[in-house]
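J.: no FASTA, just this:
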């Protein structure tokens, strides 16, 4: 009976901590989004100049929605360090893990996310956009909707950022004893198939080169996750 009472108390504390965390996140996101509203139009204008293309809109509300979405994305990117630190602390406390777990998972999650976002921004997006705009001709000119473009860039920047968290997710699952490292290794074939499917869905062009630009790093990340889960998977 006493053990059940302790478990119930721990669950209540966890739920209250989660509720407070989500409320703080909502407030921080609202403040940052409001702050970025005045900056987002300048960023969109700069992107338009880099592309050498004039962004257009087909609906009266489209520019406002595009600016609002851009502000939210910028707020998400800005709040991530705080988000990862708080989330790591919450998980560490709930599962009784050492304080160093929170520190290293926070640092690793930040590095992996920004590495993925940079990979998309520097390599995948420019190549994909160049390929797509390459279909222009004297008779066929591109007309890019500002809202569609914001959605396009957001999908790849945030998508790659979160997908690059794969090794950390695998390591944490192994650390918590949910999955063993050997299970990850034995499922390589299914993992490779899933990675190819995800890459085919997310890459901006249907050619094999751009598909490989996403699938190959993801598979290497999966292998890195296997190694990391073998090293750090056993709870001390």
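T.: Noted; the coordinates are in hand. Since we're looking at a predicted model, the values are computed, not measured.
J.: Might you list the low-confidence residue ranges for the chain?
T.: Low-confidence segments of the chain (pLDDT under 70): 1-8, 10-11, 47-48, 50-53, 94-99, 203-207, 209-210, 234-236.
J.: quick one: the helices in it?
T.: Taking DSSP state H to define them, one finds helices in the chain at 2-36, 40-51, 62-95, 99-119, 125-133, 146-163, 166-175, 181-186, 188-202, 208-232.
J.: Which residue ranges make up the domains of this protein?
T.: According to automatic domain parsing, the chain comprises the domains 2-164, 165-236.
J.: how far away is the residue positioned nearest the centre of the chain from residue 155?
T.: For the chain, the residue nearest the mean C-alpha position is residue 162 (2.3 Å; CA atoms, centre = their mean). Residue 162 sits 11 Å away from residue 155, taking CB to CB, to the nearest Å as the criterion. For every residue, glycine as well, the C-beta is placed using N, CA and C.
J.: cool, and residue 191?
T.: 22 Å.
J.: Also residue 45?
T.: Distance, residue 45 to residue 155, using CB to CB: 21 Å.
J.: Give me the more crowded residue out of these two.
T.: Legend: neighbour count by other CB atoms under 10 Å for residue 45 and residue 155, higher for residue 155 (14 against 11).
J.: gap between the nearest residue to residue 113 once chain neighbours are set aside and residue 93?
T.: Leaving out its chain neighbours, the residue that sits closest to residue 113 by CB to CB, 6 or more residues apart in numbering is residue 161, at 4.3 Å. Distance, residue 161 to residue 93, using CB to CB: 26 Å.
J.: the more surrounded of the two?
T.: Neighbours per residue (other CB under 10 Å) separate residue 161 from residue 93, with residue 161 holding more: 22 against 15.
J.: count of neighbours near the spatially closest residue to residue 92 that is not a sequence neighbour?
T.: Spatial nearest neighbour of residue 92, chain neighbours left out: residue 102 (4.4 Å); criterion: CB to CB, 6+ apart. Neighbours of residue 102 under the rule other CB under 10 Å: 20.
J.: Isn't residue 102 up against residue 88?
T.: Yes. In this structure, residue 102 is within contact of residue 88 by CB atoms under 8 Å, at 4.1 Å.
J.: Show me which positions of stretch 128-143 end up buried.
T.: Buried residues in stretch 128-143, counted by 16 or more other CB atoms under 10 Å: 128, 129.
J.: ugh, wrong one, I meant stretch 77-93
T.: Buried residues in stretch 77-93, counted by 16+ other CB under 10 Å: 77-80, 83-92.
J.: now swap in stretch 106-126 and tell me
T.: Within stretch 106-126, the residues scored as buried using 16+ other CB under 10 Å are 106, 108, 109, 112, 113, 115, 116, 117, 119, 120, 124, 125.
J.: Distance from the chain centre to it, please.
T.: Centroid separation for stretch 106-126 versus its chain: 8 Å, with CA atoms, centre = their mean, to the nearest Å.
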